[in-house]
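**Student:** have a look at this fold, sequence not included:
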């Protein structure tokens with residue numbers, strides 16, 4: 001229901017696997033992986049402003065409160081963005097999609113691409129490892145690594161319809177000394193999968209160029225662990 005079948009046939013998954021292994025860092029970009037009609041339903045839910053709350057990380061501590069954030073130097077602040085926390089208890093398309101991304105069907109697809117068995121069995125709170133985020137014109141995600149022990153896969157899915165190439169917000173990979181940095185535009189229904197432990201996988205997000213304070217860059221971020 002959520003996946004486009006043509007993107008997950010055996011031959012296509014094998015091609016993804018080869019592309020992943022040949023790239024440095026180990027990453028692939030898949031456009032059109034999910035059903036666009038279903039993603040439109042997700043976007044309509046995400047437009048509710050009351051469900052977004054500030055999230056801030058520093059290099060020394062994650063999930064800091066406002067007081068700790070103010071006492072942290074600018075050079076130690078690496079994330080300022082909004083995280084989606086819906087207060088609605090009844091199921092909606094956005095919540096259903098998050099559940100799908102942690103379900104057996106999608107875990108099987110990722111396991112095939114990365115050639116590793118993925119699971120939520122050893123993750124204390126799997127629900128916090130798959131969620132929606134948005135960046136505004138004053139927000140930022142500076143260079144950092146996602147290579148927590150046992151974490152095998154990071155998925156980024158962009159939900160920005162009619163995104164202008166000049167708007168900024170590109171994902172950047174550092175790459176290695178023998179390669180140039182890589183930038184990827186956050187286009188609608190574009191999925192980026194990468195191994196956070198691979199060389200050069202340190203990444204960041206370019207600032208938004210718009211002066212429109214009501215413009216946001218939306219994405220889903222999801223992390224997965226080896227069984």
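**Tutor:** Arrived safely. What you are looking at is a predicted structure, and each value in this text was computed from that prediction instead of being measured.
**Student:** what is the end-to-end distance of stretch 13-33?
**Tutor:** Stretch 13-33 has its terminal residues 11 Å apart, counting by C-alpha to C-alpha, to the nearest Å.
**Student:** buried ones in it, by neighbour count?
**Tutor:** 16, 19, 20, 23, 24, 25, 26, 27, 28, 29, 30, 33 (16 or more other C-beta atoms under 10 Å). In short, each C-beta sits where N, CA and C put it, glycine included.
**Student:** likewise stretch 135-147?
**Tutor:** Residues 135, 136, 137, 139, 140, 141, 146 are the ones in stretch 135-147 that count as buried (16+ other C-beta under 10 Å).
**Student:** surely residue 145 is in contact with residue 196?
**Tutor:** Yes: under the criterion of C-beta atoms under 8 Å, residue 145 makes contact with residue 196 at 6.7 Å.
**Student:** anything in contact with each of these two?
**Tutor:** Shared contacts of residue 145 and residue 196, defined by C-beta atoms under 8 Å, 6 or more residues apart in numbering, are absent.
**Student:** state the pair within the buried residues of stretch 135-147 that is farthest apart.
**Tutor:** The largest separation in the buried residues of stretch 135-147, counting by C-beta to C-beta, is between 137 and 146 at 24.5 Å.
**Student:** top strand in the chain by residue count?
**Tutor:** strand 217-226 (DSSP state E).
**Student:** each with direction, which strands does the lowest-mean-pLDDT helix or strand in the chain pair with?
**Tutor:** Of all helical and strand segments in the chain, the minimum by mean pLDDT, DSSP states H and E falls on strand 118-119, at a mean of 86. Looking at strand 118-119 with DSSP bridges, its paired strands and their directions are strand 217-226 (antiparallel).
**Student:** in the chain, which residue sits furthest out from the middle?
**Tutor:** Here the centre of the chain is the reference, and by C-alpha atoms, centre = their mean the most remote residue is residue 71, at 28.1 Å.
**Student:** after the lengthiest helix in the chain comes which helix or strand?
**Tutor:** Longest helix in the chain, counting residues (DSSP state H): helix 10-22. Downstream of helix 10-22, the first helix or strand assigned by DSSP states H and E is strand 27-31.
**Student:** give the other helices and strands that that next one contacts.
**Tutor:** Other helices and strands packing on strand 27-31, by 3 or more C-beta pairs under 8 Å, 6 or more residues apart in numbering; DSSP states H and E, are helix 10-22, strand 190-194.
**Student:** quick one, which of the ones you listed is nearest to residue 49?
**Tutor:** Ranking the helices and strands packed on strand 27-31 by proximity to residue 49 (C-beta to C-beta) places strand 190-194 first, at 24.6 Å.
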